[in-house]
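Novice: My questions concern the predicted model and sequence given below.
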Amino acid sequence: MIAAGKAVLVPGTNIDTDVLYPGIYLNIDDPEQMKPYLFEGLDPALRDQLDGDTVLVVGENFGMGSSREHVPLAMKAWGVRCVVGSSFARIFYRNCINLALPAITCPDAVKAAKPGSQISVDAAAGKVTVDGREFTAAPVPPFMLEMLERGGLIPWAQHKLAQT
Amino acid sequence: MGYTVAEKILLDHSDADRVEPGQVVMVRCDVVLANDVTGPVAFRQMEKMGTSAVFDPAKVVMVADHFAPAKDERSAILIKRLKDWSLEHGVVFYDQGRGGIEHTLLVQEGWVVPGSVIVGGDSHTCTHGAMGAFSSGLGSTDIAYCLVFGEFWQAVPGTIQVTVSGEKGHFVTGKDVILAVISQIGAGGGTGNVLEFVGPGVQSLSIDERLAVSNLAVEAGSETGIFPADDQTAAYLDGRTDKVWQPVHSDPDASYSRRIAVDFDRLGPLVAKPHNPENVVPVSEIVGTPIHQVVVGNCSNGTMTDLRQAAEMVKGKRVHERTRMIVVPATQEIYRQAVAEGLVDILVAAGASISTPTCGPCFGGHTGALAPGENALATINRNFKGRSGSPEASVYLGNAYVAAAAAVAGEVVNPAEVAS
């Protein structure tokens, strides 16, 4: 699958789930209502850059901490199409895959990206293009690729239920 | 080549003939857990999957702990949804006053046995590794899939072997062991791995202390922290569970991604400074830092062991006038036992507030938020910016001795000074 959009940079290492979506707003279960609180503990002004198809560019160990799916759910609700990072924390990574939001490890692309850069990501080919420059991403394992291509764990479950 | 504990459990719970790190397998769950935050999101995802059928209601547990007692209407609605869904699907539901903080509760109630697989919609599900289980914190969509199919996808993790040795000193606890590990490998150092704790020093860690160690495995990026079952595990489970279990140990020729060591002979009480659990220093390095709030409790350190340690420090003394002290027994049973042992009286007499079991003050949800400029010393697991209230507040993590000593002194102090 190809994902593309305008780069929004989220600088820093070890950006945790609590600054991405503070705990006090966890008593919300509707993704549309989660949108106003994304990045609230980090930099609320980042939300002003979320306009249409977006690729978030993030640093090392992004999304460490909580299992709260509110983070990628709110990202998707804002129009985030892909997250390109130096590395990802485990639960954030699998939440993204399950929601068919590609989380692509490509430190070189992270270094090259500037605010507003045009980024496109070909997860299957392992390529990230930043303003026309192509970078090689860490390969996405076949299972995760299939999950992304099928649209995530919900269509995956629907398919399995239809078979039984 | 032999297998580690984690590999053996995953092999036993999947259809694979062999496993190796990185391989993706579907893993069968023995217990599926969610709470008032992650359960309702999972139920929405289940609805989108187009089913409301649960794979095996006897293996599903729901616990109201994060926003319980409900802090506002929105929280009350989530808790009600959790309860209604549980009743409708015939799964066990622990309401406030009947359960407690999910991880301490499930261990206490015998849900978790060595060799089993438990998944939870909460990152601190890693706690259950203390019982020799494979436990994994998952997001709500994963939990929805587990509720329907009783399985989840899993990239087989590598194993980091942590050898614990030496004689544990006074005022040193399991919390210091895991802080030492996080300090060594960093907040992302365990990604793609589980921790496995072995060595002669493990014997001096009670089940309560092992829960604290495993609880913070995720703070090193690890999936879980496993204590292979031993005599203490067996003694703890005796009379608590009807589940049949066998201890699981790593093969002598198992392959590890890394080996590290923690030596009690060189370990004193530690604290993690703001705003990352990897910022670990000896207590002595920050002595004198003013402390405005102390919290003893949460899913890492709200056990009887912790409450006894806190009471030992404050007995016959007063909490410093600068400081608020909040004590949160992790479960209703622990609360009762603390009353029976006179610990609650000691703590209340000293000026501590005793809370009903809840996650509130740990994740900044309610009951115990911090104001800008305030410092807290808490036995919780995360000191992220804004974690427990204001982003301009600072949270230091430490064991119950260190926290309670700071409550008495009004500042960070070596526990030995308060005890003497």
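Specialist: Good, I have the coordinates. Numbering: from 1, shown residues only, chains lettered A, B, ... in the order given.
Novice: Please count neighbours and contacts with C-alpha atoms only from this point.
Specialist: Noted.
Novice: Phi, psi for B:F134 please.
Specialist: With angles defined as degrees, to the nearest 10, B:F134 sits at phi -90, psi 120.
Novice: pretty sure it is touching B:G120, no?
Specialist: No - in this structure, B:F134 is not within contact of B:G120 by CA atoms under 8 Å, at 11.4 Å.
Novice: any idea how far B:G120 is from chain A?
Specialist: Separation of B:G120 from chain A (CA to the nearest CA, to the nearest Å): 9 Å.
Novice: Bridging across strands, which residues link to that residue?
Specialist: For B:G120, the beta-bridge partners are B:L33, B:G137 (DSSP bridges).
Novice: Now stretch B:182-189: buried residues?
Specialist: In terms of neighbour count (16 or more other CA atoms under 10 Å in any protein chain shown), stretch B:182-189 has its buried residues at B:182-184, B:186-189.
Novice: Just the endpoints, please. Distance across it?
Specialist: Taking CA to CA, to the nearest Å, stretch B:182-189 runs 8 Å from one end to the other.
Novice: ok, which stretches of the stretch 151-300 of chain B are strands?
Specialist: Assigned by DSSP state E, counting those that start in this stretch, the strands in the stretch 151-300 of chain B fall at B:151-155, B:158-165, B:193-198, B:225-226, B:258-263, B:270-272, B:280-282, B:293-297.
Novice: Buried residues, the fifth one. List them.
Specialist: Read it as strand B:258-263. Taking 16+ other CA under 10 Å as the criterion, strand B:258-263 shows B:261-262 as buried.
Novice: Remind me what it packs against, helices and strands.
Specialist: strand B:158-165, helix B:174-185 (3 or more CA pairs under 8 Å, 6 or more residues apart in numbering or on different chains; DSSP states H and E).
Novice: same thing but 6 Å
Specialist: strand B:158-165 (3 or more CA pairs under 6 Å, 6 or more residues apart in numbering or on different chains; DSSP states H and E).
Novice: Give me the residues contacting the strand it packs on.
Specialist: Residues from elsewhere that reach strand B:158-165, judged by CA atoms under 6 Å, 6 or more residues apart in numbering or on different chains: B:21, B:193-202, B:256-263.
Novice: average model confidence for the one helix or strand A:V8 maps to?
Specialist: For A:V8, the element it lies in under DSSP states H and E is strand A:2-10. For strand A:2-10, mean pLDDT rounds to 97.
Novice: Just the buried positions in it, please.
Specialist: Residues A:3-10 are the ones in strand A:2-10 that count as buried (16+ other CA under 10 Å).
Novice: now, the most widely separated pair of those residues?
Specialist: The two members of those with the most space between them (CA to CA) are A:A3 and A:V10, at 18.3 Å.
Novice: quick one: contacts for whatever residue of the stretch 251-400 of chain B ends up closest to chain A?
Specialist: Proximity of the stretch 251-400 of chain B to chain A (CA to the nearest CA) peaks at B:G365, 4.6 Å away. By CA under 6 Å, 6+ apart, B:G365 lies in contact with A:23-24.
Novice: So what's the residue count around the closest residue to A:P22 other than its chain neighbours?
Specialist: Distance criterion CA to CA, 6 or more residues apart in numbering or on different chains; nearest residue to A:P22, sequence neighbours excluded, is A:G41 at 6.1 Å. Neighbourhood size, A:G41 [other CA atoms under 10 Å in any protein chain shown]: 20.
Novice: How about the one 3 residues further on?
Specialist: Around A:P44 there are 14 other residues, counting by other CA under 10 Å.
Novice: residues from chain A in reach of chain B?
Specialist: Remark: the part of chain A in contact with chain B comprises A:23-24, A:27, A:29, A:61, A:66-67, A:69, A:95, A:154, A:157-158, using CA under 6 Å from any CA of the partner chain.
Novice: Of all pairs in the residues you listed, which one is the farthest apart?
Specialist: Maximum distance among the residues of chain A next to chain B (CA to CA): 32.8 Å, for A:I24 and A:Q158.
Novice: More neighbours: which of the two?
Specialist: A:I24 (20 against 15).
Novice: Let's verify the closest residue to that one other than its chain neighbours: helix, strand, or coil?
Specialist: Residue nearest to A:I24 in three dimensions, not counting chain neighbours: B:G365, with 4.6 Å by CA to CA, 6+ apart. Under DSSP: H, G, I helix; E, B strand; the rest coil, the three-state class of B:G365 is coil.
Novice: Looking at B:G365 now. What's its pLDDT?
Specialist: Looking at B:G365, its pLDDT is 94.
Novice: again with B:Q108
Specialist: 98.
Novice: could you measure it against chain A, distance?
Specialist: Distance from B:Q108 to chain A, by CA to the nearest CA: 23 Å.
Novice: Just give the nearest non-adjacent residue to that residue, would you?
Specialist: Among residues not flanking B:Q108 along the chain, B:R240 sits closest, at 7.4 Å (CA to CA, 6+ apart).
Novice: Longest helix in chain A, please.
Specialist: helix A:153-163 (DSSP state H).
Novice: Going by neighbour count, which residues of it are buried?
Specialist: Buried, per 16+ other CA under 10 Å, within helix A:153-163: A:153-157.
Novice: Now do that helix: distance to the chain's middle.
Specialist: Relative to the chain's own centre, helix A:153-163 is displaced by 23 Å; criterion: CA atoms, centre = their mean, to the nearest Å.
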